[in-house]
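S.K.: structure, please.
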Amino acid sequence: MTTASNQFRYERKLIAPGLSPAEVVALVRQHPAMFRETYPERAVNNLYLDTPDLRHYTDHVNGSAHRVKVRIRWYGDFAGRIERPVMEFKTKRGLVSGKVAHPLRPMSLNGGWPQATFPAVLKESALPDAATVHLHGLAPALANHYQRRYFCSASGIRLTLDWALRFYDARHSSRWQAVAPHGSLGVIIELKYDLAKAEAAVRVANAFPFRLTRCSKYVLGIQCLNAV
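M.R.: Numbers count the residues shown, from 1 in each chain. Below is the predicted model of the structure:
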């Protein structure tokens with residue numbers, strides 16, 4: 001079953017450099033917005049698909065008003081059998097984002113792209129024709145893995161904390177090449193909210209001792225790979 005966000009939402013990111021995840025969690029728990037944890041900590045994995053010339057990456061770097069990211073997301077172990085992979089098309093229009101997700105049938109990613117079996121995965125997952133057309137010409141570009149914790153404020157503003165970010169080069173080989181962890185980045189704080197909560201979100205962000213920043217994990221990952 002395809003799922004779609006009910007409406008476009010705002011996403012704002014801050015980075016907490018030099019602090020451990022435990023220290024950032026303490027700041028969140030002490031925040032005047034009264035955040036509570038809403039979901040157990042888990043590992044998040046993404047495999048991003050892009051054109052051979054990385055058009056999606058270039059659109060993000062250039063700040064194009066309308067842009068898209070295509071990824072397969074799963075949770076838990078990075079390699080091995082994936083019981084519930086999801087194909088996601090994440091679009092951005094100006095300052096707001098939306099997402100359409102299509103569940104895929106179980107598959108295995110054992111450190112590389114399953115070139116021989118992935119067409120069958122797509123066929124048996126019964127993706128809509130529009131999604132299949134959108135995938136034409138795309139190939140693996142980057143994989144990443146990180147830890148995430150989930151919170152929500154008393155007013156309904158969602159917050160996630162991401163850390164221990166690792167990248168894998170999926171561009172040139174059936175075997176993804178691991179890149180050293182990006183240890184200097186720090187914990188990424190992301191606020192997610194709809195237009196009705198925009199003013200409250202500004203107050204939430206201002207109460208943190210960090211600045212708002214642009215921080216796309218896909219863009220950061222490609223830049224990290226290019227620097228190797």
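S.K.: can you map out the helices along this protein?
M.R.: Applying DSSP state H to the chain gives helices spanning 21-30, 55-61, 118-125, 129-135, 198-206, 217-227.
S.K.: closest to Gly186 out of those?
M.R.: helix 21-30 (8.4 Å; C-beta to C-beta). The C-beta positions use only the backbone N, C-alpha and C, and glycine is treated the same way.
S.K.: contacts for the closest one?
M.R.: Applying C-beta atoms under 8 Å, 6 or more residues apart in numbering, the set of residues contacting helix 21-30 from outside is 16, 19, 35, 147, 149, 151, 159, 161, 163-164, 187, 189, 208-209.
S.K.: how far is it from where the chain is centred?
M.R.: The chain centre lies 21 Å from the centre of helix 21-30; the measure is C-alpha atoms, centre = their mean, to the nearest Å.
S.K.: ok, the closest residue to Met34 other than its chain neighbours - contacts?
M.R.: Distances taken as C-beta to C-beta, 6 or more residues apart in numbering put Ala154 closest to Met34, at 4.2 Å, once the chain neighbours are dropped. Each residue near Ala154 by C-beta under 8 Å, 6+ apart is listed here: 33-36.
S.K.: distance to Ala143 and neighbour count for those - can I get that in a markdown table?
M.R.: Shown next, in a markdown table, are those (distance: C-beta to C-beta, whole Å; neighbours: other C-beta atoms under 10 Å):
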| residue | distance to Ala143 | neighbour count |
| --- | --- | --- |
| Ala33 | 33 | 20 |
| Met34 | 36 | 11 |
| Phe35 | 30 | 21 |
| Arg36 | 32 | 11 |
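S.K.: okay, the helices of the chain in CSV with mean neighbour count next?
M.R.: Shown next, in CSV, are these (neighbours: other C-beta atoms under 10 Å):
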stretch, mean neighbour count
helix 21-30, 15
helix 55-61, 18
helix 118-125, 14
helix 129-135, 13
helix 198-206, 15
helix 217-227, 18
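S.K.: figure out which of these is closest to Val86.
M.R.: helix 118-125 (9.9 Å).
S.K.: got the contact list for that closest one?
M.R.: Helix 118-125 is contacted from outside by 87, 102-105, 107, 114, 132, 135, using C-beta under 8 Å, 6+ apart.
S.K.: among those, which ones are buried?
M.R.: 87, 102, 104, 107 (16 or more other C-beta atoms under 10 Å).
S.K.: can you read off the pLDDT for the last one?
M.R.: What it means is Met107. Here, the pLDDT recorded for Met107 equals 93.
S.K.: so what pairs up with it in the strands?
M.R.: With DSSP bridges as the criterion, Met107 is bridged to Ile82.
S.K.: that one touches Pro85, doesn't it?
M.R.: Yes. Assessed by C-beta atoms under 8 Å, Met107 is found in contact with Pro85 at 5.8 Å.
S.K.: of the contacts of helix 21-30, buried ones?
M.R.: 16, 19, 35, 149, 151, 159, 161, 163, 187, 189, 208.
S.K.: will you turn those into TSV that also has pLDDT?
M.R.: Shown next, in TSV, are the buried ones among the contacts of helix 21-30 (pLDDT from 0 to 100):
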residue	pLDDT
Ala16	95
Leu19	95
Phe35	98
Arg149	98
Phe151	98
Leu159	98
Leu161	98
Trp163	95
Val187	96
Ile189	98
Phe208	97
